[in-house]
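Novice: next input, structure requested:
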Amino acid sequence: MVRLKADPGVGGVSYGGQEYPLVKGCLEVPEEAAKELLGGAWGYSLASRQPAPEEAFPEGKTKR
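Specialist: Numbers count the residues shown, from 1 in each chain. Predicted structure coming up:
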């Protein structure tokens, strides 16, 4: 799976009959889908591999 960041106003993706929704502006798609989405003017770019702090510690939990 490849993590992509969506430009503002861009939504989730359907690829191969599977829905890939946006979560906090990003989505994870199979490598084949990423190649197609990154190759066009679809509004996606590679996201950083590190999750945002609020994703790393869900539900308000913090690192001790």
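
Novice: okay, CA-based contacts and neighbour counts for the rest of this
Specialist: Fine.

Novice: please report how far the spatially closest residue to Tyr44 that is not a sequence neighbour lies from Trp42.
Specialist: In this structure, Tyr44 finds its nearest non-sequential neighbour in Ala6, 4.6 Å apart by Cα to Cα, 6 or more residues apart in numbering. Using Cα to Cα, to the nearest Å, we find Ala6 at a distance of 9 Å from Trp42.

Novice: the two: which is more packed in?
Specialist: Comparing Ala6 with Trp42 by other Cα atoms under 10 Å, the one with more neighbours is Ala6, at 21 against 13.

Novice: phi, psi of that one?
Specialist: When read as degrees, to the nearest 10, the backbone of Ala6 gives phi -100, psi 140.

Novice: I'd like the distance between the residue nearest to Tyr44 and Gly43.
Specialist: Counting by Cα to Cα, the gap from Ala6 to Gly43 is 6 Å.

Novice: got the contact list for the residue nearest to Tyr44?
Specialist: Going by Cα atoms under 8 Å, 6 or more residues apart in numbering, Ala6 touches 22, 25-27, 43-45.

Novice: what's the answer for Leu38, then?
Specialist: By Cα under 8 Å, 6+ apart, Leu38 lies in contact with 44-46.

Novice: quick check: buried residues in the helix or strand where Leu4 lies?
Specialist: Secondary-structure element containing Leu4, defined by DSSP states H and E: strand 2-6. For strand 2-6, the neighbour count (16 or more other Cα atoms under 10 Å) marks 3-6 as buried.

Novice: quick one, strands of the chain?
Specialist: 2-6, 13-15, 18-20, 26-29, 44-46 (DSSP state E).

Novice: now those strands in CSV, with mean pLDDT and distance to Lys35?
Specialist: Converted to CSV, the strands of the chain look like this (pLDDT from 0 to 100; distance: least, Cα to Cα, whole Å):
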stretch, mean pLDDT, distance to Lys35
strand 2-6, 95, 9
strand 13-15, 93, 12
strand 18-20, 96, 15
strand 26-29, 95, 10
strand 44-46, 93, 11
